[in-house]
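Novice: My questions concern the predicted model and sequence given below.
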Amino acid sequence: MVGTAETLEQVQALEDRKYKYGFVTDIEMERAPKGLSEETIRFISAKKGEPDWMLEWRLKAYRHWLTMEEPDWAKLGYPPIDYQDAYYYAAPKSKDDKPKSLDEVDPELLATYEKLGIPLQEQKWLAGVAVDAVFDSVSVATTYKKKLEEKGIIFCSISEALRDHGDLVRQYIGSVVPYSDNFFATLNCAVFTDGSFVYIPKGVRCPMELSTYFRINASETGQFERTLIIADEGSYVSYLEGCTAPQRDENQLHAAVVELVALDDAEIKYSTVQNWYPGDENGVGGIYNFVTKRAACRGRNSKVAWTQVETGSAITWKYPSCILQGDNSVGEFYSVAITNNRQQADTGTKMIHIGKNTRSTIISKGISAGRANNTYRGLVKIMPKAENARNYTQCDSLLIGSKCGAHTVPYIEQRNPTAKVEHEATTAKISEDQLFYCQQRGLSEEDAVSVIVNGFCKEVMKELPMEFAVEAQKLIGISLEGSVG
Amino acid sequence: MSLIEIKNLHATVDGNAILKGIDLTIEPGEVHAIMGPNGSGKSTLSYVIAGREGYEVTEGDILFDGKSILEMETDERAIAGIFLAFQYPVEIPGVANTTFLKAAVNARRKAAGEAEVDAMQFLKLLREKTKLLGVTDEMLKRAVNVGFSGGEKKRNEILQMAVLEPRFAVLDETDSGLDIDALRIVADGVNALRGPERSMLVITHYQRLLDYIVPDKVHVLAKGRIVASGGKELAQELESTGYAGYADTEAA
C-alpha cells in the first residue's frame, strides 16, 4: 500500500524533472566529473542553484575533510574506500547504467520482493531497473501536501528548502551536526545532493505520519542524503524513513546526515526501516552505510524518540543520538539490528545529558546469524549540571548459530552525583527447545525463528507506527531466512 | 485401519540406545496409557513420535494412518495431526499466547491452501475453548508460558490441543507438578477432547492421573521395551506393587 504510493511518487518525480528540464536526454548527461574536488562541489552547488553561503559551507567542510582520517574504531572490516573513484553527482541516473530488466537482477532479491508481495512495476523500481513513467499521474502526494500547507507545515526536499526557506535552513543546518563533526558527516556536508526538510510551526500537531514516500523528488537521494527536521515550540511530528523492501543502489558508499531540533515542549518521533541491499551471502555488492543522526532537545520538556529497524546494508555504522539540553527533556532510542551472512553492524546511540531532570531510555536488540557481527556501542554522558538526570539502558543480543558474534560496548560518563544510570545487558541463543516447541505446533523452522525473534524485539517493534510495524515484522522473518539448520 | 502403529521401534539419543523394540497399536478413539519408572524411555518415545532432532530411529517404523512418518519433519507431523503436550512447556518471551496460537492455526490453513484465519473469528473460537479450561483473557495476552505457574502451563498445553484439534495427542507427564485441583481441571479438559476420531497416548509415572483420564489400555515401559499390557486395572496393580517387578526384565 505504502509501496504503491511510493511508486507513484517516484514516477511523479521523474515526470517533474522531465518537465523542468524539458528533455530527458539532457538530464542523462548531467553528471559531475569523477572524483572529489572543489570543482565537483561547485558543480553540485551550481546545479542546485544554491545560495552562496551554502557553497561556502560546503567548501569549508571539504577543506576540513581533507585534514581528517577515516575512523577505524568501529568493529567493522572492509577494504579501503577510494573516494576519488566515485561520482558525487549524477542525477537522475542514466538508463544505460541500470539493469535493462528484472532478468539482470539478483534472483535472491526478487524472491524477497515476491515474499513481501511487492507489485511488479515497483519491484523494477526498487531494483533500480529503468522504468518508463507510464502511470496515472494523479498523485497522492498532492493531496497530502495541501493538507500540510493548511497547517503551515513545510515538508519538501532540502534543495527546495534552500531555495524557498533559505533563512530557516541557514539557521539550523549544521547546528546539531557541525560541518567538522566526523569524517563521514563532513563528507556529507561537502557533497550532499538531497534529502528532506521539515518545519512544524509553533503549537501544531502534524496530522499524519510524514514519510519520504509522500515527498516529491524523493528519488535517488540515497547516497548522500541530508535531512533536517525542526519542531517549533509545542509541536509534534512523526517521521518515517526508509522502506521495508530491499533497495538496490549503484553507489556502494552511503553517508547520510539527519539533524533534528526540538524546541520547548516539542516532540519528534523518527522511525527508520533500513533495508539497503546487504550483498549476497558472501557479502559481495552490499551497501556501506555510514550515517550520522543526531537530535538536539533544545527546549524545556522537549522529546525525541529514535526507533530503528536495521536489516540491510553490508556495513552499518550508525549512532542516532540525543543532546538533552533543555531541562526535563527526554531522549529515547529503540533499536533492532539484524545481521545475517557476512553483514556487519556497529550501531548504538549517544545520550548527552546537559539539562536538569533530563531522562533517556535505550533499548537495543541485536540479532546475529550466519557469520555476521553485531556490535552495540553506546555512550551515556551526564554533564555536571544535569541534576537528577536518569538513564535506563537495556542491551539484549540474540545469536542464531555458532559462527556469528555479538558485542556490547557501553560507555558511561557520570559527572553529576545526583544522576542515576542503569545498564542491563543479556546475550542469549535461540534454544533448540524453543524451535522444537514451535515446530511441534506446526510452524516451519523459518516461521519459528521469525516468531521467536519478533518476540525478542517486541519492546522495540511496539514503538513503530502501526503500518510500519506490520511490514517490519515480516521483514525480520525474511532477513533471517536460511539462518538455521 | 489403526490410527497409530508402532512397529519394533528402536531409537538412539547421542548414540545411546533408549528404545529397544516397541510395538504399540492404537485404534481411532482409544486412549492408551504408558507407565514406567524414570529413565524407561517414556519421554524419548514421545519425542521420537514428534520427530525431534537428535532422536534417531535405528530400526522399526511408526505408521500414522497406515503411512510411515519417519521421513516427515516435526512441523509436517504436527500439521498431519500429531500433537505433543510437553512435560516442560517452553517459554517464548515477547510472543503473546494468542499470537502464537494464531500462527499455529495459520500454518495449518496455509498447508491446506486456505486463507489466514480472520482475527475476530479466531478470538471467538479462543473464547469458547478457554472457558472450559479456566484460561483467562489475561493469560492469552501474556507471552507463551512466561511467568506461568506449573498449573497454568499445563492448562495452556491443553488449550493449544483444544484449538489445534489433533487426531493423535501424546500427553507427556501432564500430571507432573500439579496439585489435585489443577489436575482435575486439566483432566476435565482432556476428557472433553476425547472422541471417536481422536486417539491419545497418556504418559505418566503415577496412576493418579488415570483416575481422572480413564484409559482403554495400559502399557508398562521399562528399559526401552513394553513389558506388560492390560486394561485400566493394570494401573491400579502397579500402584500397589510399584515398578520393582519390572526393573529386571530388560535382561530377558
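Specialist: On my side now, so go ahead.
Novice: From here on, just use CA atoms for contacts and neighbour counts.
Specialist: Noted.
Novice: For the residue positioned nearest the centre of chain B, which residues are in contact?
Specialist: Closest to where the C-alpha atoms of chain B average out (Cα atoms, centre = their mean) is B:V170, at 2.0 Å. Contact analysis of B:V170 by Cα atoms under 8 Å, 6 or more residues apart in numbering or on different chains lists B:S46, B:I82, B:F83, B:L84, B:A85, B:M200, B:L201, B:V202, B:I203.
Novice: Same list, those, but only the ones touching chain A.
Specialist: B:F83, B:L84 (Cα under 8 Å from any Cα of the partner chain).
Novice: how near is the residue of the stretch 351-485 of chain A found nearest chain B to A:K462?
Specialist: Here the residue of the stretch 351-485 of chain A nearest chain B is A:G455; by Cα to the nearest Cα that distance is 3.8 Å. Counting by Cα to Cα, to the nearest Å, the separation of A:G455 from A:K462 is 11 Å.
Novice: now do B:R108
Specialist: In this view, B:R108 and A:K462 are 27 Å apart by Cα to Cα.
Novice: out of these two, which sits in the more crowded spot?
Specialist: Counting neighbours by other Cα atoms under 10 Å in any protein chain shown for B:R108 and for A:K462 shows that B:R108 has the greater number, 23 against 12.
Novice: residue boundaries of the strands in the stretch 1-150 of chain B?
Specialist: For the stretch 1-150 of chain B, the strands defined by DSSP state E, counting those that start in this stretch cover B:4-13, B:16-26, B:31-35, B:55-64, B:67-68, B:82-85, B:92-96, B:143-144.
Novice: nearest spatial neighbour of the residue of the stretch 1-150 of chain B found nearest chain A, skipping sequence neighbours?
Specialist: Across the stretch 1-150 of chain B, the shortest distance to chain A (Cα to the nearest Cα) belongs to B:G94, at 3.8 Å. Using Cα to Cα, 6 or more residues apart in numbering or on different chains and skipping the chain neighbours, the partner closest in space to B:G94 is A:G455 (3.8 Å).
Novice: re the thing from before, please verify my assumption that the residue of the stretch 1-150 of chain B closest to chain A contacts B:A143.
Specialist: Yes - at 5.3 Å, B:G94 counts as touching B:A143 under the criterion of Cα atoms under 8 Å.
Novice: what's the weakest-modelled helix or strand in chain B?
Specialist: helix B:233-241 (a mean of 84; mean pLDDT, DSSP states H and E).
Novice: What lies in contact with it?
Specialist: By Cα under 8 Å, 6+ apart, helix B:233-241 touches B:M35, B:Y206, B:Q207, B:L210, B:V218.
Novice: For chain A, state which of these is nearest.
Specialist: Scanning the contacts of helix B:233-241 for proximity to chain A, where the rule is Cα to the nearest Cα, the winner is B:M35, at 22.9 Å.
Novice: residues touching that closest one, list them.
Specialist: B:K42, B:I203, B:T204, B:H205, B:Y206, B:V218, B:H219, B:V220, B:L221, B:A235.
Novice: got those residues as CSV, with neighbour count columns?
Specialist: Below are the contacts of B:M35 laid out as CSV (neighbours: other Cα atoms under 10 Å in any protein chain shown):
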residue, neighbour count
B:K42, 26
B:I203, 27
B:T204, 24
B:H205, 18
B:Y206, 18
B:V218, 24
B:H219, 22
B:V220, 22
B:L221, 26
B:A235, 26
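Novice: got the phi/psi numbers for A:W73?
Specialist: Dihedral pair for A:W73: phi -80, psi -20, per degrees, to the nearest 10.
Novice: Please disregard the earlier target; I meant A:L260.
Specialist: phi -120, psi 140.
Novice: quick one, what contacts it?
Specialist: Counting by Cα under 8 Å, 6+ apart, the residues that A:L260 touches are A:V176, A:L228, A:I229, A:I230, A:A231, A:I268, A:R294, A:A295, A:A296.
Novice: Check the gap between it and chain B for me.
Specialist: 31 Å (Cα to the nearest Cα, to the nearest Å).
Novice: The residue lying closest to that residue once chain neighbours are set aside sits in which helix or strand?
Specialist: The shortest distance from A:L260 to any non-neighbouring residue, by Cα to Cα, 6+ apart, is to A:A295 (4.4 Å). Counting by DSSP states H and E, the element that carries A:A295 is strand A:288-297.
Novice: could I get that strand in PDB with only the CA atoms?
Specialist: Only the C-alpha atoms of strand A:288-297 are listed here, as PDB (Å, rounded to 0.1, in the frame of the first residue of the first chain):
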ATOM      1  CA  TYR A 288      28.300   0.600   3.100                       C
ATOM      2  CA  ASN A 289      26.100   2.700   5.300                       C
ATOM      3  CA  PHE A 290      27.800   5.400   7.400                       C
ATOM      4  CA  VAL A 291      25.200   7.500   9.000                       C
ATOM      5  CA  THR A 292      25.200  10.400  11.400                       C
ATOM      6  CA  LYS A 293      21.900  11.100  13.100                       C
ATOM      7  CA  ARG A 294      21.600  13.500  16.000                       C
ATOM      8  CA  ALA A 295      18.800  15.300  17.700                       C
ATOM      9  CA  ALA A 296      19.000  18.400  19.800                       C
ATOM     10  CA  CYS A 297      16.400  18.600  22.500                       C
END
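Novice: any chance of the contacts of helix B:233-241 in JSON lines, plus distance to A:E467, secondary structure and pLDDT?
Specialist: As requested, the contacts of helix B:233-241 are exported to JSON lines (distance: Cα to Cα, whole Å; DSSP: H, G, I helix; E, B strand; the rest coil; pLDDT from 0 to 100):
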{"residue": "B:M35", "distance to A:E467": "52", "secondary structure": "strand", "pLDDT": "93"}
{"residue": "B:Y206", "distance to A:E467": "51", "secondary structure": "coil", "pLDDT": "85"}
{"residue": "B:Q207", "distance to A:E467": "53", "secondary structure": "coil", "pLDDT": "87"}
{"residue": "B:L210", "distance to A:E467": "50", "secondary structure": "helix", "pLDDT": "92"}
{"residue": "B:V218", "distance to A:E467": "54", "secondary structure": "strand", "pLDDT": "95"}
